[in-house]
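Novice: Give the three-dimensional model of this entry:
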Amino acid sequence: MMALRLTCGPIAVWGPIVLSLTIVTGGCGSLFDRPRHHDEVRSQETAVKKGLLPAPPARVRKLEFDDPQDGARTTPRDRTAISTVDSKTEPGAARPSLSDMKEQALSNTKVLSLLGARYAFISSTVLDPGYKQPAGCCAMTPQKSLLTFYSYTNTTTVDVEMKGLAVTQVSRRDHYMPLEGEEELREAIALAKKDSRIAAGVQGLEGHAILTQPGDGLLWNDPGYGHRVYWVTFSKGLSGNPEYWALVDLSEQKTLKAQKEDAHP
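Specialist: Next up, the predicted model:
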């Protein structure tokens, strides 16, 4: 019979090899223990294209102001470098005035044909301010704008896209009612004030107007349906308590209804 002796430090184990194999560990670990290795996983680095840093900004001259006793700072001490830019003649101007843009738009033959005899200016929107200043250059690209008109003659909205003072695109939007325009607000209030039913009572009152839409009925539509109709109210200052109201049809240039607020039709 054979015997196997395994020694680990001071511990010794004897036993028949045929019957069993006893392994006792005493502080030195199991025979099956193996060094554990952890492979570090790294993600692939992102390649970044290297380039030169941007040029430092140009030196800006400090603008000093006169300091009066009241603390106001409104007058520069040196005005020799200050000049007025004319949007009509300055080639690098990027912000033309609204009046100049309207004048140029209304001189376009396509715009006039879509607007017809009666129209109103509604709004202007800046699509791109046009300021682009590369390093070392102060040139500016023209401003891109959108002018919106409403044609009472053709019952349509007309959009005019402009680049600076040049008309680049003209389009119409049928069956579309744009928001209120300042010109329309003033005209609607003026027409309501002239109506004989409320003219005497609205003198000295503040007029307010908002665009409304008459409904379409089962058998017939409400007066002013499909037109530019404004709901006009008159109140004392900005109290918000209307004393008189009127329904004004700008497409027909007439007042459909007008009465005192507490009156019954």
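Novice: Report how many residues lie close to E243.
Specialist: E243 has 16 neighbouring residues, counting by other Cβ atoms under 10 Å. Backbone N, C-alpha and C define where each C-beta goes, glycine included.
Novice: Tell me the spacing between it and E187.
Specialist: Per Cβ to Cβ, to the nearest Å, E243 is found 21 Å from E187.
Novice: Could you do L247 as well?
Specialist: Distance from L247 to E187, by Cβ to Cβ: 14 Å.
Novice: K50 now?
Specialist: For K50, the distance to E187 - Cβ to Cβ - is 62 Å.
Novice: for E261, same thing?
Specialist: 22 Å.
Novice: out of these two, which sits in the busier spot?
Specialist: Taking neighbours as other Cβ under 10 Å, E261 and E187 compare with E187 leading, 18 against 13.
Novice: Now for the nearest residue to that one once chain neighbours are set aside, how many residues are close by?
Specialist: Leaving out its chain neighbours, the residue that sits closest to E187 by Cβ to Cβ, 6 or more residues apart in numbering is L250, at 6.2 Å. Other residues lying near L250 total 23 when counted by other Cβ under 10 Å.
Novice: Looks like L250 contacts Y230 (just checking).
Specialist: Yes. In this structure, L250 is within contact of Y230 by Cβ atoms under 8 Å, at 6.5 Å.
Novice: what residues do those two have in common as contacts?
Specialist: 184, 188 (Cβ atoms under 8 Å, 6 or more residues apart in numbering).
Novice: which SSE is the closest residue to Y176 other than its chain neighbours in?
Specialist: Once flanking residues are discounted, Y176 sits nearest to T157: 4.9 Å by Cβ to Cβ, 6+ apart. Using DSSP states H and E, T157 maps to strand 156-163.
Novice: partners of the helix or strand following that strand in the sheet?
Specialist: Following strand 156-163 in sequence order, the next helix or strand is strand 166-174 (DSSP H and E). Paired neighbours of strand 166-174 in the sheet (DSSP bridges): strand 156-163 (antiparallel).
Novice: Quick check: buried residues in stretch 169-182?
Specialist: Residues of stretch 169-182 classed as buried by neighbour count (16 or more other Cβ atoms under 10 Å): 170, 178, 180-181.
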